[in-house]
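>>> Sequence below, structure please.
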Amino acid sequence: RIQILFEMRLSGGKNPKLSLLFNFSILTMVCLFLFYSRMISEIPFVTMETKGTADDVTFLRWKTKKLYFESEEGYQLRLKLESKIQEDARIKSMEISEQGYNESFLDSLPLIRTETEDFKPLGCSNRIYKKSSKKISLIMNFHNELLSLLLRSIYTTINSIHPDNFHEYILIDDGSDLDKYPDLKLVRSLVETFRVPGMFLRFEENRGLVYSRRFGCQQATGDVVLVLDSHVEVKSGFLEPLLHEIEINDKALVSPIFDFWDTVEMKTWSYDGTPLGFDYYLQWHLLTRPKSDRPLEAPSIMGGAFLASRIFLKNVDYFGNGMIGWGAENIELSLKFWYCGGRVLMVPCSRVLHVSAKRSPISMGDRVKAASIYHNYHLVTQTYFTKEQDRELKKVSHYDVISSDQHYQTITNNTKKILRALGCRIDFRSLRQRVMPEIESYDGDTLLAHMAMTTEGCLTVASYGRPEYHELALEPCTSEKPIMFTIRLLRDQTLKWSNTCLDWGFKPLQFVGCHGMGGNQAVHHDNQKKRLHSKNRTLCLVYYENNHTLGGEHCQEELPGRTSYRNSNNQTFSFLDVSFGHVYDDTVPKHS
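Next up, the predicted model:
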């Protein structure tokens, strides 16, 4: 081809058309060379083809690219570590790891993926945001996290923040078991090679997600605080829509939309158009809104990702004061912003891929986890609901049960004092009418709380992929699914979930449309024997240990032991007290 081009050039004087064709050909070759050179230079790490198992993964190594925040030392260290993680993925089992993930699959992925599914609404692609001058403090805490997932969270997040906006990172190891997960020791040495400001902190004991996040926010010095889970993946462009809302209103609490990724079943789903609402019992409700590319007012953020002004966050005393473990801190923070003249927004044009775990990596049992949620719920209801104003609240058991507890009173009184000084108005009824009018007002009809526990877990609803099917089931109390907190026993003697009632006439037991006539939908609670039974005590709710299911059996006499019974198959089961706030004292963690 080169010889032909030269011959064309030599004869160009005699044939102008050949000369023109020669010049055009040369120009085309140069353009193609520059185009492909740019493509190759922009491939950041490793591309790969996956065929379902770690053994089938084929790695195609390209020229790697150093990111703006990496030093040369850190760059080389990261390459070696990434290569080791990917090689180890070949020999790992495809089963669910102790941390609750498909560890082999996640380890086999490149640190920064070039091709991921985009869930943003179509209107987002045409949005142009004015460059923000806000300086960002990134807060990320972790506990016993999968190393590849943690590194992907750190690197994709920092890489998505423009260097002009990045102020600092604050990474907190919340008491990870380094003997059990020795690879996590490498995180400090790696991040300390970054060319951007930051700090790595470690608690020798697990202090809980709420405490470590609050502590991280207190150390921040940037204009805005970005808080993220340690099992996420973000792409360039996720931050600009959030910063835009803060520029408009520095009292806004803004959250991206989570796209959930189940790496075990290989499914991804999103909650577009469904902001989170909650009622007086702090039960979650997904609110249906028309899908839009515009920000949506939401009663509460999800908690795993949010952006807020550091100054305003400091003025309202951050979040989670006195809370333990995790749970309800996102509700508390959202209520502070609403009550103090701010707004809470979910921004559809900002997306975060959240890797969902099949089990919690937090080192606490199911009963302890449930007790920490009770503890945190008590604090929220004591502080942010006004008993004298709201008639509905008078029957909320987790408001009254600890009203005389001095520990709660000290915390709530201090928080209320701060809010009064800011001129905040505590009025949940007005907030409910404004942003979640579809949430029903219980008007004091709830007899017991919405959580029934056994030694094996908590009552929940399972659909098994069928939207119209609602079976009574049991899940670990550490489950992240909010549905487990929506079952409640009402004064009309029905066990209700959403707008359906438990019906003893179905096997397995199911929630169906409420007919309001009692009968096979009547449910009673024997607080002394700690069991749920049908009308006239014909059937009792039992837990079958052999297949981990629930059913209705003829009620039997109590056997020796506090809560032990036997059904016709001599299978033991036990229930804890379902009344909210009566968790046994020995399950409640000590608060510091």
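>>> what stretches of the stretch 151-300 of the chain score poorly on pLDDT?
Filtered on pLDDT under 70, the stretch 151-300 of the chain yields the residue ranges 273, 280-281, 283.
>>> burial count for the closest residue to residue 519 other than its chain neighbours?
Residue nearest to residue 519 in three dimensions, not counting chain neighbours: residue 535, with 6.7 Å by C-beta to C-beta, 6 or more residues apart in numbering. C-beta coordinates here come from the backbone N, C-alpha and C atoms, glycine included. Per other C-beta atoms under 10 Å, the neighbour tally for residue 535 reads 15.
>>> these two touch, right, residue 535 and residue 494?
No. Residue 535 is beyond contact range of residue 494, at 11.2 Å (criterion: C-beta atoms under 8 Å).
>>> Mutual contacts of these two, please.
Here residue 535 and residue 494 have residue 522 as joint contacts, going by C-beta atoms under 8 Å, 6 or more residues apart in numbering.
>>> what does stretch 161-169 rub up against?
By C-beta under 8 Å, 6+ apart, the residues outside stretch 161-169 that reach it are 68-69, 131-138, 140, 154, 158, 191, 194, 196-199, 220-223, 226, 239, 243.
>>> repeat that with 7 Å
With contacts defined as C-beta atoms under 7 Å, 6 or more residues apart in numbering, stretch 161-169 is touched by 68, 132, 134-138, 158, 196-198, 221-222, 239.
>>> Which one (most neighbours) among those residues?
Busiest of the contacts of stretch 161-169 [other C-beta under 10 Å] is residue 136, holding 25 neighbours.
>>> max-length strand in this protein?
Longest strand of the chain, by residue count under DSSP state E: strand 343-356.
>>> How many residues are close by the closest residue to residue 288 other than its chain neighbours?
Leaving aside its chain neighbours, residue 288 sits nearest to residue 274 (6.1 Å; criterion: C-beta to C-beta, 6+ apart). The local packing of residue 274 (other C-beta under 10 Å) involves 17 other residues.
>>> which SS class is residue 274?
Following DSSP: H, G, I helix; E, B strand; the rest coil, we place residue 274 in the coil state.
>>> Distance of it relative to residue 291?
Counting by C-beta to C-beta, to the nearest Å, the separation of residue 274 from residue 291 is 9 Å.
>>> Quick check: closest non-adjacent residue to residue 97.
Nearest residue to residue 97, sequence neighbours excluded (C-beta to C-beta, 6+ apart): residue 103, at 3.8 Å.
>>> pLDDT score assigned to the one you found?
We have a pLDDT of 89 for residue 103.
>>> if we can go back for a sec, check which helices and strands the longest strand of the chain sits against.
strand 232-233, helix 240-248, strand 252-262, strand 296-297, helix 329-339 (3 or more C-beta pairs under 7 Å, 6 or more residues apart in numbering; DSSP states H and E).
>>> Just put those in a markdown table and tack on mean neighbour count.
Below are those laid out as a markdown table (neighbours: other C-beta atoms under 10 Å):
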| stretch | mean neighbour count |
| --- | --- |
| strand 232-233 | 24 |
| helix 240-248 | 20 |
| strand 252-262 | 23 |
| strand 296-297 | 18 |
| helix 329-339 | 24 |
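>>> Quick check, residue 66 in contact with residue 75.
Yes. In this structure residue 66 lies within contact range of residue 75 using C-beta atoms under 7 Å: 4.5 Å.
>>> quick one: residue 147 and residue 184 touch, right?
Yes. Counting by C-beta under 7 Å, residue 184 is a contact partner of residue 147 at 6.2 Å.
>>> In terms of neighbours, single out the busier of the two.
Neighbour comparison, residue 147 and residue 184: the larger count goes to residue 147, with 23 against 20 (by other C-beta under 10 Å).
>>> Quick one: residues contacting that one.
Residue 147 makes contacts with 85, 183, 184, as judged by C-beta under 7 Å, 6+ apart.
>>> Kindly provide the distance from it to residue 86.
Going from residue 147 to residue 86 by C-beta to C-beta gives 12 Å.
>>> do the same with residue 541
In this view, residue 541 and residue 86 are 48 Å apart by C-beta to C-beta.
>>> So which of the two has more stuff around it?
For residue 541 and residue 86, the more surrounded residue by other C-beta under 10 Å is residue 541, and the numbers stand at 25 against 21.
>>> Quickly list what's touching both of residue 147 and residue 86.
Both residue 147 and residue 86 lack any common contact, where contact means C-beta under 7 Å, 6+ apart.
>>> Can you spell out which residues form a bridge with residue 173?
According to DSSP bridges, the partner residues bridging residue 173 are residue 142, residue 202.
>>> what do you get for residue 269?
For residue 269, the beta-bridge partners are residue 260 (DSSP bridges).
>>> didn't it look like it was pressed against residue 261?
No. Between residue 269 and residue 261 there is no contact, the gap being 8.6 Å when judged by C-beta under 7 Å.
>>> could you redo the helices and strands packed on strand 343-356 as CSV and give each row distance to residue 205?
What follows is the helices and strands packed on strand 343-356, written out as CSV (distance: least, C-beta to C-beta, whole Å):
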stretch, distance to residue 205
strand 232-233, 25
helix 240-248, 33
strand 252-262, 29
strand 296-297, 39
helix 329-339, 19
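>>> Figure out which of these is closest to residue 547.
Of all the helices and strands packed on strand 343-356, it is strand 252-262 that lies closest to residue 547, at 23.4 Å by C-beta to C-beta.
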